[in-house]
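Colleague: Could you look at this predicted model? Sequence included:
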Amino acid sequence: MVASDKLFAGSIPDIYDRFLVPLIFESYARDLAGRLARTNPRDVLEIAAGTGVVTRAMSARLSKAARIVATDLNQPMLNHAKARQPGGRRIEWRQADALALPFKEHSFDAVVCQFGVMFFSDKVRGYKETRRVLRPGGRFFFNVWDRISENDFADTVTEALATVFPDDPPRFLARTPHGYYDEKQIRDELDAAGFKDIASEAVDARSEAPSPRDPAIAYCQGTPLRSEIVARDASRMEEATTRAAEALARRFGKGVVDGRIRAFVITAVR
């Protein structure tokens with residue numbers, strides 16, 4: 001991972017929320033919130049809340065008495081999330097580093113993290129922090145993307161950008177979001193952090209967009225892939241986005257596009 005992989009600022013939060021959230025995140029957010037709701041937690045910590053798609057799903061599914069603390073490393077993402085759903089006293093929004101959580105031991109019944117653990121620079125340390133703030137018997141719910149070849153749009157966009165920058169292809173999507181899919185590695189690192197009753201489940205879904213350009217914008221301009229493109233040649237952002245859209249159109253058609261997405265949902269007990 002490189003430093004820019006964690007940077008979600010500038011115009012990224014808005015584009016991320018408008019394009020990427022409905023494209024790949026909403027169905028998994030509902031799935032995660034449903035799993036969490038079945039445990040009826042009172043105090044919930046969300047790590048890597050992003051623009052709040054899981055926060056909104058939890059708010060709709062959890063008991064009205066449940067308290068949610070939604071955190072993210074990137075304040076611009078939290079600002080966007082809070083603007084969409086202030087939440088009153090039920091939801092607290094806090095900037096926080098998952099590797100050094102600003103909470104006391106045994107503060108939460110559950111911790112939730114949607115597609116965020118891949119960004120932990122030290123996975124075991126992050127898992128230990130999560131375990132520290134969980135109460136005995138508390139549960140950790142999170143998900144990770146499967147390898148990029150199992151996620152059609154991300155794979156197609158990555159291959160397209162390699163034709164724009166053949167000498168130095170942008171590899172953010174393969175390196176980070178889709179780079180932490182080895183179930184044995186995940187189990188081993190959770191075990192090293194002290195978790196028990198670790199379970200993993202593959203969850204397949206479909207990703208749909210009104211046109212090929214929508215996922216091209218989502219990935220090229222609404223993720224840290226944008227920073228990789230800019231670092232190579234900022235003047236070629238539109239060319240890169242168009243090349244990605246053309247590749248998607250060739251593979252999925254020029255109208256509504258539909259592709260497979262695959263993730264693993266992990267649960268573990270303190």
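Modeller: That came in fine, so what should we check first?
Colleague: what about the helices in the protein?
Modeller: 12-15, 26-37, 53-61, 75-84, 123-133, 152-164, 172-175, 183-192, 213-221, 225-233, 237-252 (DSSP state H).
Colleague: Which of those helices sits closest to Arg270?
Modeller: Closest to Arg270 of the helices of the chain is helix 123-133 (Cβ to Cβ; 5.3 Å). For glycine as for every other residue, the C-beta is placed from the backbone atoms N, C-alpha and C.
Colleague: how far off helix 183-192 does that closest one point, in degrees?
Modeller: Interaxial angle of helix 123-133 relative to helix 183-192 (axes from the mean of the first three to the mean of the last three Cα atoms, to 10 degrees): 50 degrees.
Colleague: any idea which residue sits dead centre in the protein?
Modeller: Phe115 (3.0 Å; Cα atoms, centre = their mean).
Colleague: check contacts around Glu46.
Modeller: Applying Cβ atoms under 8 Å, 6 or more residues apart in numbering to Glu46 gives the contacts 54-55, 58, 68-71, 111-113.
Colleague: Out of those, which sit inside strands?
Modeller: 68-71, 111-113 (DSSP state E).
Colleague: what's the distance between the residue nearest to the centre of the chain and Gly255?
Modeller: Distance of Phe115 to Gly255, given as Cβ to Cβ, to the nearest Å: 28 Å.
Colleague: now swap in Ala249 and tell me
Modeller: 9 Å.
Colleague: Which one's more surrounded, those two?
Modeller: Per other Cβ atoms under 10 Å, whichever of Ala249 and Gly255 has more neighbours is Ala249, with 17 against 9.
Colleague: got the contact list for Lys241?
Modeller: If you look again at residue 241, you'll see it is Thr, not Lys. Applying Cβ under 8 Å, 6+ apart, the residues near Thr241 are 213, 216-217, 220-221.
Colleague: Need those in JSON lines (columns: pLDDT and distance to Ala154).
Modeller: Formatted as JSON lines, those follow (pLDDT from 0 to 100; distance: Cβ to Cβ, whole Å):
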{"residue": "Arg213", "pLDDT": "98", "distance to Ala154": "16"}
{"residue": "Ala216", "pLDDT": "98", "distance to Ala154": "11"}
{"residue": "Ile217", "pLDDT": "97", "distance to Ala154": "14"}
{"residue": "Cys220", "pLDDT": "97", "distance to Ala154": "11"}
{"residue": "Gln221", "pLDDT": "95", "distance to Ala154": "14"}
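Colleague: Out of these, which is nearest to Gly259?
Modeller: Ala216 (12.5 Å).
Colleague: wait, isn't Thr223 in contact with Ile12?
Modeller: Yes: assessed by Cβ atoms under 8 Å, Thr223 is found in contact with Ile12 at 6.9 Å.
Colleague: chain center to the helix or strand of the chain with the lowest mean pLDDT, what's the gap?
Modeller: Lowest on mean pLDDT, DSSP states H and E among the helices and strands of the chain sits helix 12-15, with a mean of 84. Counting by Cα atoms, centre = their mean, to the nearest Å, helix 12-15 is centred 14 Å from the centre of its parent chain.
Colleague: which parts of it are buried?
Modeller: 12-13, 15 (16 or more other Cβ atoms under 10 Å).
Colleague: Same question for stretch 77-88.
Modeller: Quick answer for stretch 77-88 (16+ other Cβ under 10 Å): 77-78, 80-82, 87.
Colleague: in this structure, what spans have low per-residue confidence?
Modeller: Applying pLDDT under 70 to the chain flags residues 1-11, 86-88.
Colleague: Report the beta-bridge partners for Val44.
Modeller: Beta-bridge pairing of Val44 under DSSP bridges involves Ile68, Ala110.
Colleague: sorry, back to before: between the buried residues of helix 12-15, which is closest to Leu23?
Modeller: Ile15 (11.2 Å).
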